[in-house]
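Novice: okay, predicted coordinates and the sequence, questions at the end:
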Amino acid sequence: MPSPGVLIVEGSTDLQFVKHLAAHYDIPDQLFTIKAGNSDSGALEAFSLTVKARSHSAIGLVIDADTNAAKAFGRAIGNLTNLGYKGLPKRPPSDGWIKRQAGLPALGIWVMPNNKDGGKLEDLAGYMIGAQDALWPHALDILRALPDTRFKKADEIKARLHSWLAWQKEPGLTIGAAVWLKYLNPNCQEAKVFANWLQQLFGK
């Protein structure tokens, strides 16, 4: 008999984020375990192997869009047709993709931050900062005024988020801890949509 669900994510930061957000929404942790692939390619490989093994009743994957959400989604579903899944879309729905097909594990894919825009986990975390927070735009101003930029342009959101986290009452929290302590608002609409995807995939 297949084990309960498994969610595969890229790294430990993603794992802690999902763990604390799921706890906030009272999603029982016995419904699924979370495993980190330690990179995007590692997560994709683990997802493919787990689907092929059919060892879990539901299998989820969370990956970053990076520059293109549809391209990232295409990489994730690449060989699912060969594993018996039919009617696969070319791009994920904005509320996350879930596939249920008789005789096969339920599958779900979420492309960070919101299944449509380029970006990553830190972009979703940015949405969880209140619109009235004066330090959030200030963090971007500070970064863009630096005399020497040592991070890649694609990582600007990471530098911005961690700068903002460094200015909080408890400086230097991880993203997961910031969710747990409500520095990042788990009740914002974008976080709710992601939590609902988790509930739909693993709660049925």
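Specialist: Structure's in. What do you need? Numbering: from 1, shown residues only.

Novice: phi first, then psi, for the most far-flung residue of the chain relative to its centre.
Specialist: When each C-alpha in the chain is compared with the mean C-alpha position (C-alpha atoms, centre = their mean), residue 147 comes out farthest, at 32.4 Å. When quoted as degrees, to the nearest 10, the phi and psi of residue 147 stand at phi -70, psi -20.

Novice: go on, the one 10 residues further on?
Specialist: Backbone torsions of residue 157, given as degrees, to the nearest 10, read phi -60, psi -30.

Novice: OK, contacts around it?
Specialist: 119, 120, 122, 123, 126 (C-beta atoms under 8 Å, 6 or more residues apart in numbering). From N, CA and C alone the C-beta is placed, and that goes for glycine too.

Novice: over to residue 123?
Specialist: Taking C-beta under 8 Å, 6+ apart, we find residue 123 in contact with 112, 113, 114, 117, 157.

Novice: buried subset of those residues, written for ChimeraX?
Specialist: Command for ChimeraX that selects the buried part of the contacts of residue 123, burial taken from 16 or more other C-beta atoms under 10 Å:
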select :112,113,114,157
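
Novice: returning to that earlier point: mind checking pLDDT for the residue farthest from the centre of the chain?
Specialist: The confidence metric pLDDT takes the value 94 at residue 147.

Novice: residue 3 too?
Specialist: We have a pLDDT of 71 for residue 3.

Novice: quick check: bridge partners of it?
Specialist: The bridge-partner assignment for residue 3, based on DSSP bridges, gives residue 56.

Novice: from residue 63, how far out is the residue farthest from the centre of the chain?
Specialist: Using C-beta to C-beta, to the nearest Å, residue 147 is found at 35 Å from residue 63.

Novice: ok, the residue nearest to residue 203 when sequence neighbours are not counted to residue 79 distance?
Specialist: Sequence neighbours aside, residue 31 is the residue nearest to residue 203 in space, at 6.4 Å (criterion: C-beta to C-beta, 6 or more residues apart in numbering). Going from residue 31 to residue 79 by C-beta to C-beta gives 26 Å.
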